[in-house]
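Participant: Could you look at this predicted model? Sequence included:
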Amino acid sequence: METAVLTTAQPTEQCSICYKDISDEDTFCQNCGYPLKGTEQEQKDFRLQHDFRNIDLFHFNDKVRKAGNVFYYLSGIFAISGAVFYFLKKDDPNAFAALITNLILAMVFLALGGYSRKKPLACIISGLCLYAIILVLDAIVDPISIVRGIFLKIIIIGLLIKGLKSAIEIEKIKKENNLS
């Protein structure tokens, strides 16, 4: 008569940092590197360092989101201002051209907003340069356009500068945490 040998699985515990299964033989967590059999001070230091990294990544993701949102705001501003100008100045022969130009700018800034999740600094600099080129070309064609809509222009430049500050902070956080 054969007897079946029942083996019980070794009870596994979970890492207190990442909650992955660990065994009693493990010295470090295989997932996050937590020193399971380290001294109390080593474990405390690991927790502090882990918490700082999580805070930095939260701060990083928040900055990326804010930098991208600048483009979405600007896209809306261009679309709305183009439509308002067109409907207020329908008789002006340049009204349709202004509408098309603003809609193209809105689409470009919308695309920059989507891509800014990957390359925020490059997108912000591109958006700032594009807007500066548009202002300069507009001033060459019609010098009085420099003062026309000055408050809206100040808001747009302010938003781009705010986005630039966020993008610079993102690059700083990337460098500090080796997040290339």
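Facilitator: Sure thing, it's come through.
Participant: name the helices or strands packed onto the lowest-mean-pLDDT helix or strand in the chain?
Facilitator: Ranked by mean pLDDT, DSSP states H and E, the weakest helix or strand in the chain is helix 40-88, scoring a mean of 80. Here helix 40-88 touches helix 95-115, helix 120-141, helix 150-177, going by 3 or more C-beta pairs under 8 Å, 6 or more residues apart in numbering; DSSP states H and E. All C-beta atoms are positioned from the backbone trio N, CA, C, and that covers glycine.
Participant: Reformat those as CSV; add mean pLDDT, distance to residue 32 and mean neighbour count.
Facilitator: Output for these, formatted as CSV (pLDDT from 0 to 100; distance: least, C-beta to C-beta, whole Å; neighbours: other C-beta atoms under 10 Å):
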stretch, mean pLDDT, distance to residue 32, mean neighbour count
helix 95-115, 91, 32, 17
helix 120-141, 90, 28, 16
helix 150-177, 84, 15, 16
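Participant: so which of those helices gets nearest residue 63?
Facilitator: Counting by C-beta to C-beta, residue 63 lies closest to helix 150-177 out of the helices and strands packed on helix 40-88; the figure is 4.7 Å.
Participant: Just the angle for the closest one relative to helix 95-115, thanks.
Facilitator: Using axes from the mean of the first three to the mean of the last three C-alpha atoms, to 10 degrees, the inter-axis angle of helix 150-177 relative to helix 95-115 is 20 degrees.
Participant: Would you mind getting the angle between helix 150-177 and helix 40-88?
Facilitator: Compare the direction of helix 150-177 with that of helix 40-88 by the same axes, to 10 degrees and you get 160 degrees.
Participant: Going by contacts, tell me the helices and strands next to helix 150-177.
Facilitator: If you count contacts as 3+ C-beta pairs under 8 Å, 6+ apart, helix 150-177 packs onto helix 40-88, helix 120-141.
Participant: nearest to residue 106, of those helices?
Facilitator: The nearest among the helices and strands packed on helix 150-177, by C-beta to C-beta, is helix 40-88 at 4.0 Å.
Participant: possible to save the helices and strands packed on helix 150-177 as JSON lines with distance to residue 148?
Facilitator: What follows is the helices and strands packed on helix 150-177, written out as JSON lines (distance: least, C-beta to C-beta, whole Å):
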{"stretch": "helix 40-88", "distance to residue 148": "10"}
{"stretch": "helix 120-141", "distance to residue 148": "9"}
